[in-house]
Structures are given as structure tokens and as C-alpha cells.
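>>> what follows is a predicted protein model with its sequence.
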Amino acid sequence: MSTSSPAPRLTLLSLTDSFSEAWAPLARECGLTLEPVNDAESMATMASGGAVWLVCGAGAEERLEGLLRGICKEGVEVVAVGALPDHRIAATAVLAGAAEYFALPLDYQLLRSWLLERAERLRQRSSGSVFGALEEAKYRFEGILGSSLTLRQSLERAARVIPHAGVTVLITGETGTGKELLARAIHYNGPRRDAPFVDINCAAIPEQLLESELFGHERGSFTGATSSKPGLFEVAQGGTIFLDEIAQLPFSLQGKLLRVLEQRTIRRIGGTRTIEVDVRVLTATHVDLTAAAARGEFREDLLHRLNVIPISLPPLRARSEDVVILARSFLSRFARDYHLPEPDLTPQAERALRMHPWPGNVRELRNVMERTLIMATRNPLDAGDLQLKSETAPQGGGAIPFPATLSVINHAAVESMIRLCDGNKSESARRLAISRTRLQRLLVSTIDDNDDPESGREDA
């Protein structure tokens, strides 16, 4: 690769001073030359070659739509940044011409990954080796580290899917194994990379709002619908929609999603016309959907339609050889973020990391290494310096009297987990590896032995 090509530019227009201190370090890290501009008129008249445009509207998100419509043009990629993680703002920005919308500080790492990928593509384009770069990209999974056989098998399976833009993929794995990261890798390395990647957590949005978020609505279709709104399937047109926690999709919407997958059309709430959609559908869950279908909690026909290409991500305890690699990577990243010296690990610390069960998987490891770096008082870090307290073990809770029926034990386990999660039932269901519907059923089921036809059988 030629080293004489000029560094691609990151042209920045900021409507406010929010996050101003982040742009120069971010540009340097991504190999971009930062080029601030003062107004939209100046940006609109600039040449587009070799540049990524970033528009920051944090604190002034209502101005983003008009500004983007005035500057977005062919041959330039514009990324919009705000402070509000709101799907409506993201949809408005994308429809106005932005390639992506990121909410900071929540999406900082996603913005960084997006800029790194764009900068590399611009460098490849300027050196005339775009084809080679695209071939290599099929097998590049930014941020997914590890050399274990189980992980390589999953990534090789994903690599075979990437070139086929219409194939539906179901990603399974425990919470914290990197399902969303893999979904983004499939999108950004594939033929739809220049179109939107739209993600939605099916467990995070109330049922009465989720249908509108997915499929959109027309003005006056329900109380509060003062204007028409496109759904996320429309926003993702030409790109990818990622439905995380698909097991939590309400049963009433599962049939509508099945119809979208089969007919590739949607109809807004209150609408009369069908709208064709061309999107790749990626889904993810930590729940065993086959078991959920057997219990009647998930449509079996929808499961078959989603499970075209299943990819299972292994838990961290099944790839202990990757733990130290990931731990060192997190230490390096957090040392840069917090402007601290990067510590080393003693052999005893490495052994302690490999022996830990990691019930929270990579997410737990990330939190442990961040906490360890901040609290560290020496270098290298020894086993006793690692902040390896459990993040998932329930604390407190009433004792279960024995002998006890299974319904009593299940009920107590659900209540304990809900207390641990501060009343968050969706998070409780994720940690228990059951659907939210199943959790609700266990929570409200009677625990009176007199109502349990199986009670007393094991007391003899």
C-alpha cells in the first residue's frame, strides 16, 4: 500500500460546543485530518473527495434535519452526532441524508469504529486498491478479538454470509458475548455497508409503541399521531435492520414480522398502501427460541424464517485462551481513554483471569478491566489487584423453606433476580435466560402448594 497518499479529511461542523474536546483526539486515532468549518454554507461549497463530514448537533438536535438537507450530496458521507439516543432523531437524520446518527457519549465507540472503517476505505480508494480492500474486509471483524477454535468457527460462518446481501441471520449467545458487534461486522463488511444500519432492542420499547417504531404510522392513526412517521424498516431501506432480543417481540407483532420477511413489504399503522422494503434482517437473542416455540411463546413459522443462517457465539468460559488477549486489549484502550500508563499482567493475574467463570462474558470482562485499571496502585498487576467480584450473583433475598415445590423455587428465583436488577424485568429475563413472557408467567403463578397438583409428591 502506498504511504504517500494524503490523509483523508474529517470535516467538522458543530452547532454547539458539546464534545468539542473529543474531535481532535478522535481524528488522530482514526488517521484523519481534522478540518473545522464555521457554517453550513462553507461546508456545502466544499469539494467532497477524500473527506468524511461530521455534523454535531448535540443540544440543538432540532436543527439537524434542515442543515443536513442543505449539505448532503453525492460523493460525500455525512455522519450526524447528537446527545439524545432517540430513534426519531436518528430516523430524521438518515432520511435527511446522513449515513448514520450517533448519540454521544453512549455511541462513542461505535462512532470511532465507523470513522476507522471510512478512513481505511478512503485510503484504499486513493491508492487504487479498492477491490483488494473489499476482499479483505469480508474476513475482518473489528473489535471481535480471539483465536480460539470455537470463536473462529463462528466468525468463519459469518464470513460466508457477508457477501449475500439478502440472507437472514439469527445470532445466538449468552448476554455479553458480542452479538451486536457481530451484526455490525456483517453489515459494515458487506455489500450494504454504504446504506443504514438500524438497530432496535425489542425488549426496550413498550408493546404499544414498538409496532409504530418498526413499521411507522400515518397522521391521525392514533391519539398523539400528529404527523406521519416512517418506521425503522423504511429508515433501513437498502441497508440492514438488526432486531436485538427478538425473543421479546410481542406475540401480536410476530405475525406481522413474518409477513414482512415473506412479502418484503410493510404497511404503516393507519395506512392503506404497501411499501416495498429492501433490507437485510439480522436478529439476536440469548433465549432458546426452539424451547420458546415449544412453550407457545414464539411462533414456530417465524423461527424457521429467521433461522436461515444460525450463528452461535460461544460464552467466554468456553474460550479461556482468549481471555488474556481481551483483557490486555481493554487495558490498552482504557489506559488511552483515562490517560493512564498501561499496566502489564503477572502470570498469576493471567491465570486468575482464565480461571474466572465470567458469567457476564465479554461485557463483564470489560467492566472488570476498566475497574482494575482505575483502582490499580502498582505495575504489573497481580491476581490480588484484579477487581474480580461477581457482577451477577443475587444479593440478599429471603430464604426458601425446604422441602419446597418447584413453583416456590422458581417464584423465589424470579423475585430475587428482579430485586438484583432494581425492578427491571427485561434485564431480569436476560440474566435468567428466559423470555420476558416466561418471567411474567413465573412471577404471577400461584405458589400455594394446595393449587399445585404435583405438590406433596416428593414429601413422602
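Received, thanks.

>>> number of residues surrounding the closest residue to residue 435 other than its chain neighbours?
Of all residues not flanking residue 435 in the chain, residue 247 sits nearest, at 4.8 Å (C-beta to C-beta, 6 or more residues apart in numbering). For every residue, glycine as well, the C-beta is placed using N, CA and C. By the criterion of other C-beta atoms under 10 Å, residue 247 has 26 neighbours.

>>> you'd agree residue 247 is in a strand?
No. Read with DSSP: H, G, I helix; E, B strand; the rest coil, residue 247 is helix and lies in no strand.

>>> quick one: contacts for it?
202, 285, 286, 287, 289, 292, 297, 298, 435 (C-beta atoms under 8 Å, 6 or more residues apart in numbering).

>>> give me the pLDDT value at the most centrally placed residue in the chain.
When C-alpha atoms, centre = their mean is applied to the chain, the residue found nearest the centroid is residue 180 (3.7 Å). Looking at residue 180, its pLDDT reads 91.

>>> and the one 3 residues further on, by the same measure?
Per-residue pLDDT puts residue 183 at 93.

>>> likewise residue 188?
88.

>>> coming back round to it: state the pair within the contacts of residue 247 that is farthest apart.
286 and 297 (14.3 Å; C-beta to C-beta).

>>> specify which residue of these two has the higher count of neighbours.
Neighbours were counted for residue 286 and for residue 297 using other C-beta under 10 Å; residue 286 has more, 23 against 19.

>>> look up how far residue 83 lies from that one.
30 Å (C-beta to C-beta, to the nearest Å).

>>> go on, residue 222?
Taking C-beta to C-beta, one finds residue 222 at 29 Å from residue 83.

>>> residues contacting the residue nearest to the centre of the chain?
199, 242, 244, 284.

>>> would you say the last one is within a strand?
It stands for residue 284. Yes. Checked against three-state DSSP, residue 284 lies within a strand.

>>> in this structure it contacts residue 241, no?
No. Using C-beta atoms under 8 Å as the test, residue 284 is too far from residue 241 to be in contact (12.0 Å).

>>> dump the residue contacts of residue 171.
Counting by C-beta under 8 Å, 6+ apart, the residues that residue 171 touches are 179, 182, 183, 282, 283, 284, 285, 311, 312, 313.

>>> that one: what secondary structure?
strand.

>>> distance check, it against residue 434.
For residue 171 relative to residue 434 (C-beta to C-beta), the value is 18 Å.

>>> quick one: the helices in the stretch 301-450 of the chain?
In the stretch 301-450 of the chain, the helices defined using DSSP state H, counting those that start in this stretch lie at 323-337, 347-355, 361-375, 406-420, 425-432, 436-444.

>>> got those helices as TSV, with distance to residue 193, mean neighbour count and mean pLDDT columns?
As requested, these are exported to TSV (distance: least, C-beta to C-beta, whole Å; neighbours: other C-beta atoms under 10 Å; pLDDT from 0 to 100):
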stretch	distance to residue 193	mean neighbour count	mean pLDDT
helix 323-337	24	17	90
helix 347-355	35	16	90
helix 361-375	24	19	92
helix 406-420	39	18	77
helix 425-432	29	21	79
helix 436-444	33	16	79
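
>>> report the separation between residue 85 and residue 106.
6 Å.

>>> oops, could you answer that again for residue 96 instead?
Residue 96 is 21 Å from residue 106, by C-beta to C-beta.

>>> those two: who's more crowded?
Neighbours per residue, other C-beta under 10 Å: of residue 96 and residue 106, the larger number sits with residue 96, 19 against 12.

>>> looking at it, the more buried one is touching residue 78, isn't it?
No. The pair residue 96 and residue 78 fails to qualify as a contact (C-beta under 8 Å) at a distance of 9.1 Å.

>>> find residues that contact each of these two.
Common neighbours of residue 96 and residue 78 (C-beta under 8 Å, 6+ apart) are 68, 72.

>>> coming back round to it: relative to residue 56, how far out is the residue nearest to residue 435?
Distance of residue 247 to residue 56, computed by C-beta to C-beta: 36 Å.

>>> list the contacts of residue 334.
Taking C-beta under 8 Å, 6+ apart, one finds 340, 369, 370, 373, 374 in contact with residue 334.

>>> now the element after the helix or strand of the chain with the lowest mean pLDDT, going C-ward?
Every helix and strand of the chain was ranked by mean pLDDT, DSSP states H and E. The lowest is helix 130-137, at a mean of 38. Using DSSP states H and E, the helix or strand that follows helix 130-137 in sequence is helix 149-161.
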